[in-house]
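Asker: Please work out how this folds:
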Amino acid sequence: MDQPRDVGSPAERISVNAGMHFGKPCITGTRITVQDVLELVREGIAFREIIQEYYPELTVEDIRASIQYAIALVAAGRMGSGLQNSILADGESSHVERPGSAKIEFCKPDPISLRGPP
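Answerer: Residues are numbered from 1 along each chain as shown. Next up is the predicted model:
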């Protein structure tokens, strides 16, 4: 059985390693990407269900750290060079396109899915 991960602050819970998942941020001590966690949160899956059904090695704090990481990226303006911000109204989705890249969709988040475990 694996040893429990001894990870402290939210910043220590996320790590980036160029040799793992093409440098995508992962939960420290795992190969689980922040993106994978955020996609489950986006789908409205409760934190406890994410842990029980998908990633038993995670903790609620890992999931919260993933959300905090995404918020910090947005706040720092690190959403990709040349990417124009899209402002959403009334839950509509919008998109922007960069030359030579795929369309990027933006959807207004569901505040219920960001509250955490019931």
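Asker: Does Arg13 touch Val60 like I think?
Answerer: No: the criterion here is C-beta atoms under 8 Å, and Arg13 misses it with Val60 at 11.1 Å. For every residue, glycine as well, the C-beta is placed using N, CA and C.
Asker: These two: who's more crowded?
Answerer: Arg13 (25 against 13; other C-beta atoms under 10 Å).
Asker: Can you give me the distance of the more buried one to Arg64?
Answerer: Counting by C-beta to C-beta, to the nearest Å, the gap from Arg13 to Arg64 is 9 Å.
Asker: do Val41 as well
Answerer: 10 Å.
Asker: what do the two both touch?
Answerer: Phe47 (C-beta atoms under 8 Å, 6 or more residues apart in numbering).
Asker: Packing partners of the helix or strand hosting Glu39?
Answerer: Assigning secondary structure by DSSP states H and E places Glu39 in helix 34-42. On a contact count with 3 or more C-beta pairs under 8 Å, 6 or more residues apart in numbering; DSSP states H and E, helix 34-42 meets strand 26-27, helix 60-75.
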